[in-house]
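Q: got a structure for you, letters missing:
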């Protein structure tokens, strides 16, 4: 056909454009404990009120509620100091990563996946998890954990010591946890859904090139 493009070339071009847009939408997302790209000089030059506006307390109601502390509170001021040491730090992004880490650690511990735990935990914390998994294996027991829902996540405490930042997150979740013996009988836990409140502390050197926040402490509230 003269004076026009073949219809098959037009269709191929439309498909190619669609795939490019899809790739951009996927590859442009950030997941886990990645830090957002470091902002340019204007971020460093921001005034304290502007930074406090970014860290203003927020509460997302309903299932999966998340909250940030008041920037004027001791915890809020500590987050501002962490932001000063690492301009790319963002509490909201941090909570996203904390939730992802929580899900991965809970499932990895139940499955006895030591490699995943080693990547996410400090050496001291990993040693404790590894000991518990070894004891379970020696007894011939199996743990089953179902994470049904994460109802709330909130930053409870924060501290900056030199370049080392610590942030404690309160995580309220609905879980099913039970341990079965070799004969299949339940030796601990139950099939019922239980609401569990955990306090997990993550740590990172703000000067390090590795953006991963390591889990350094866990306890029940």
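A: Cool, the structure landed. Just so it is clear, the structure is predicted and the values come from calculations on it, not from any experiment. Numbers count the residues shown, from 1 in each chain.
Q: Now do the same contact list for residue 158.
A: 69, 75, 78, 79, 82, 165, 166, 167, 168 (Cβ atoms under 8 Å, 6 or more residues apart in numbering). C-beta coordinates here come from the backbone N, C-alpha and C atoms, glycine included.
Q: For residue 206, see how far away it is.
A: 12 Å (Cβ to Cβ, to the nearest Å).
Q: Need the residues touching each of those two.
A: 82, 165.
Q: rewinding a little: which among the contacts of residue 158 gets closest to residue 151?
A: Comparing the contacts of residue 158 against residue 151 with Cβ to Cβ places residue 168 closest, at 17.7 Å.
Q: Confirm that that closest one sits in a strand.
A: Yes. Assigned with DSSP: H, G, I helix; E, B strand; the rest coil, residue 168 falls within a strand.
Q: Neighbours of residue 148, how many?
A: Other residues near residue 148 come to 12 when the count uses other Cβ atoms under 10 Å.
Q: I misspoke; the intended subject was residue 123.
A: 9.
Q: confidence score at it?
A: The model reports residue 123 with a pLDDT of 96.
Q: May I have the phi/psi pair for it?
A: Dihedral pair for residue 123: phi -60, psi -40, per degrees, to the nearest 10.
Q: and the biggest strand by length in the chain, which residues are buried?
A: The strand that spans the most residues within the chain, counting by DSSP state E, is strand 142-161. Neighbour counts over strand 142-161 (16 or more other Cβ atoms under 10 Å) mark 142-143, 145, 147, 150-156, 158-160 as buried.
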